[in-house]
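Undergrad: Here you go, sequence then predicted model.
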Amino acid sequence: MNEKNEHQRLFTRRALILGGAQGVLLTSLIGRMYYLQILSNEHYRLLSDKNRIYSRLIAPSRGQIVDRVGVLLATNQSSYRAVIIQEQVEDLSKTLVGLRKILDLSSEKIDHVLEEIKRKPRFIPVTVKDFLTWEEVAKVQLKLPDFPGVIVEEGQERFYPHALATCHTVGYVASVSEEDLDEDPLLELPGFRIGKNGIEKVFDQQLQGRAGVQQVEVTARRRIVRTLSTHESISGVDVQVSMDLQLQETVMTILSQYKAAAAAVLEVNTGEVLACASYPGFNANSFVQGISKNDWTQLIQDPYKAFNNKVIAGQYSPGSTFKMIVALAALEAKVINSTTQFFCGGHTQLGNHRFHCWKKEGHGSINLSVAIPQSCDIFFFEIARLLGIDLIAAMARRFGLGEKSGIELTGEKSGLVPNRSWKSMVMGKSWNLGETFNASIGQGYVLSTILQLAMMTARLCNGGKSVYPRLVKSDTVAEFEDMDLNQDHLQLVLEGMNRTINDPIGVAYSARITEPGFEMAGKTGTTQVKSITRRERELDLHKDPNRPWEVRDHALFVGFAPVVSPRFAVATIVEHGESGRRVATPLGRDILLATQHRMSKL
C-alpha cells in the first residue's frame, strides 16, 4: 500500500512539472504570437506587401517635333510587339522555335532575344519582335494558348513623315544599347527608344517625358492577379524648330541636281535656321525599326556620305568666299583703303614659287571695288603680304570661323583658322609667307563648315552683329553684341558682293535675281581638292571634264537677300562641282529666291 502511494505521489509530481513546462511553453507561444500579430503587425504587413505588390513602369509618350508653323516632323504611331516573360515560359526553346515560324525571325534576332533574356531578371518582359503587322498579331493571338509567357503589347512607334528631308536635323531614335544603360529603369522597358542623333538626341530628356507607375498584385511567382493603382505617365515636351519644312524640302530638291551638296539658310538678325539641307539624305524611319547590318554598312560606305550632315560636319576650304574677311581685316588694320590699287598680271612671284590668279591674262591695276566682284587672287596675295596671317586669323574668328557655333545639333565640327602659334604648336614649324598667300584666298590650312559660312555672311550683312545660328524656336528675342566694325569698311565689302552679282563686271552676273525687290548679293568660291602641277595648269588638264569626280574642285557660294535691308543669308556647296560661278551660285540664287517667296507668305 505504501509502495503504491509513493508511486502515485511521484507520478503527480512529474505531471505537475510537465504541466508547468507546457504552461510556460504555451505562454511563450501566446506571447510570441501576440508580438508578431499585434505589436509587429505593421512591420510584417509592409514586408508582406513588398512581396505581394509589384510596381511596374508605364512608358511615357514621346514629345513631338514640329517646324516653325507647326507641321509634324517627328510624331508617334500605335504599334504592336510580341514580348516574352521568362518566368512564365514552360519551355523557352520550344516557345522560341514556335515564334520563329510564325514571325519569320532570323537566327540573329533569336540570338539577340536569348542574350536579353540572360541579362534581364526573369519577370521583366523581353521584346521578341517589334512593329507587328495585323497578320502577325492575329497569328500570335491565335497561338497564345500554346505559348504561355508570350504577350502581345500595344506600344508607340516613332515616325518621321518627311524623313529624307529632315533626317540630319531632326535625327532619329533607336533601341537602347548597352552603352546607354544607366540607373534609369525606364531604359529597360521593352520597345523603349532614345534619341541617337540630331534634335532627338540633344533634347532627348525633354522629349522622353516622365514614366508612370502601376501597382499590381502578383502571386509568389509574380503572376499578375489584379491592378491596385495607376499613376499615369507624363508625355514629353514638344519641341518646335525654326526650320520651315516647305522650304527645307524645296532646298533638298534644288540640291538633288548633284551627287553631293549642302546648304544652310539663316535669318540674319535672329540667327534662326530656316533650312539646313545635306544631300543625299537617308530614311530615319529605318533606325526606329532597327537597321540591318547590311543596310548600315551600305549607308556608312556611301561614296556621297549620305549619313553625314555636310552643313555642320563637312569641313571645306572656303576658297574665295573667304576674301571678304581678308578685305575687312586689311581695311580695319588700315593697310589698304578704298582707292588702294595693285597690279595683277596673272601671277606673282614669291621666291622660286609662282602664285597664279584664276585669270591667266590678269586683271591689270584694280582696287577693292573691282577685286571682290572680279575675285582677283593677286590683289588678295598683295593684301596678305602687308597684313600677315595673325590679323587675318583674328578677323576670321570674329566672324565665327574656327570654332563651333553651338547650334543644337550633334556632330558639329569647328573648322580651322590657322596662325603662327597654331603651326608652331601643332607642327613644330614656323609660318611662311606662301602659307599666308594660300590662306588669303581661303585655301591651305583654312577650313570651314557651311553653317559657319552662312553665319559669317549673316554677320557681314546685318551691320556687324555677332549673330549665332539657332535651330529651336524661342519666345525670347536674342540680343547679339555689336562687333564694333567700321561701317564704311563693311559697306565697301558688301558693295563688292553686290557688284559680284548685279554688275556686268561681276563674275556671277549671269546668275543674278532679276525680280524687283528680291535681288541678292554674294560671292563665289572654287576650291581645289588636289594640287595642280605646272604641266596640268599649262595644258588646262585640271579642267578636263572627264576627270574622276572625286578629284574635281568643290563649288561654293555665299550670299544674302534682299540687297536693300537684308533678311536672309545662304551658304551652299556642291562637292566636286568644279565651278562656284557656274554651279554653286545658281543654286544659291534659287534657294534665296525660294526663301524670300516662302517667308513673305508666313
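TA: Cool, got the structure. It should be emphasised that the depicted structure is a prediction, and the values quoted were computed from it without experimental measurement. Numbers count the residues shown, from 1 in each chain.
Undergrad: Strands along the stretch 401-550 of the chain, start to end?
TA: Assigned by DSSP state E, counting those that start in this stretch, the stretch 401-550 of the chain shows strands spanning 521-527.
Undergrad: what residue ranges in it are flagged as low confidence?
TA: Along the stretch 401-550 of the chain, the model assigns pLDDT under 70 to residues 531-544.
Undergrad: tell me the helices in it, going along the chain?
TA: 420-427, 433-440, 450-461, 487-502, 534-539 (DSSP state H, counting those that start in this stretch).
Undergrad: quick one: contacts for Ala329?
TA: Contacts for Ala329 (CB atoms under 8 Å, 6 or more residues apart in numbering) come out as Leu387, Leu391, Ile392, Ala394, Met395, Ala396. Where C-beta positions appear, they are placed from N, C-alpha and C, glycine not excepted.
Undergrad: Go again with 6 Å.
TA: Leu391, Ile392, Met395 (CB atoms under 6 Å, 6 or more residues apart in numbering).
Undergrad: What of Gly191?
TA: With CB under 6 Å, 6+ apart, Gly191 has these contacts: Arg81, Thr127, Asp130, Gly155.
Undergrad: top of those by neighbour count?
TA: When neighbours are counted by other CB atoms under 10 Å, Arg81 leads these with 22 neighbours.
Undergrad: Now the residue sitting nearest the centre point of the chain: closest residue in space, sequence neighbours ignored.
TA: Nearest residue to the geometric centre of the chain (CA atoms, centre = their mean): Gly198, 2.4 Å. Take Gly198 and drop its neighbours on the chain: the residue closest to it by CB to CB, 6 or more residues apart in numbering is Gly171, 2.2 Å away.
Undergrad: now swap in Ser286 and tell me
TA: Per CB to CB, 6+ apart, closest to Ser286 is Asp295, 6.4 Å.
Undergrad: Now do the one you found, the pLDDT please.
TA: We have a pLDDT of 91 for Asp295.
Undergrad: Now do the buried residues in the helix or strand harbouring it.
TA: Per DSSP states H and E: Asp295 is located in helix 293-300. Applying a neighbour-count criterion of 16 or more other CB atoms under 10 Å, one finds Leu299 buried in helix 293-300.
Undergrad: Dihedrals phi and psi, Val570?
TA: Val570 adopts backbone torsions of phi -130, psi 150, taken as degrees, to the nearest 10.
Undergrad: could you list every residue that touches it?
TA: Val570 neighbours (CB under 6 Å, 6+ apart): Val265, Gly559, Gly588, Ile591, Leu592.
Undergrad: So which of those are in helices?
TA: Gly588, Ile591, Leu592 (DSSP state H).
Undergrad: gap between stretch 384-394 and the chain center?
TA: Centroid displacement of stretch 384-394 relative to its chain, using CA atoms, centre = their mean, to the nearest Å, is 35 Å.
Undergrad: What residues sit buried inside that stretch?
TA: Those would be Ala384, Arg385, Leu387, Gly388, Ile389, Asp390, Leu391, Ile392, Ala393, for stretch 384-394 by 16+ other CB under 10 Å.
Undergrad: Report how many residues lie close to the residue nearest to the first one when sequence neighbours are not counted.
TA: Sequence neighbours aside, Ser440 is the residue nearest to Ala384 in space, at 3.6 Å (criterion: CB to CB, 6+ apart). Using other CB under 10 Å as the criterion, Ser440 is surrounded by 29 other residues.
Undergrad: Leu350 versus Ser440, what's the distance?
TA: 12 Å (CB to CB, to the nearest Å).
Undergrad: again with Leu453
TA: On the measure of CB to CB, Leu453 and Leu350 end up 28 Å apart.
Undergrad: Which one's more surrounded, these two?
TA: Remark: of Leu453 and Leu350, Leu453 carries more neighbours, 31 against 14, as counted by other CB under 10 Å.
Undergrad: Averaged pLDDT, stretch 130-139. What do you get?
TA: 84.
Undergrad: could we number from 29 for the rest of this?
TA: Happy to do that; since the first residue is 29 now, the last one works out to stretch 158-167.
Undergrad: Distance across it, terminal residue to terminal residue?
TA: 14 Å (CA to CA, to the nearest Å).
Undergrad: Check the offset of that stretch from the chain's centre.
TA: 32 Å.
Undergrad: neighbouring contacts of it?
TA: Contacts of stretch 158-167 (CB under 6 Å, 6+ apart): Ser107, Tyr108, Arg109, Ile130, Leu131, Val180, Gly219, Gln317.
Undergrad: So which of those residues belong to helices?
TA: Among the contacts of stretch 158-167, the members found in helices (DSSP H) are Ile130, Leu131.
Undergrad: Tell me which of the contacts of stretch 158-167 fall in strands.
TA: Residues of the contacts of stretch 158-167 located in strands (DSSP state E): Ser107, Tyr108, Arg109, Val180.
Undergrad: Pull out the buried residues from those residues.
TA: Ser107, Tyr108, Arg109.
Undergrad: is it possible to export those residues to CSV including pLDDT and distance to Phe231?
TA: Shown next, in CSV, are these (pLDDT from 0 to 100; distance: CB to CB, whole Å):
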residue, pLDDT, distance to Phe231
Ser107, 84, 22
Tyr108, 85, 27
Arg109, 83, 25
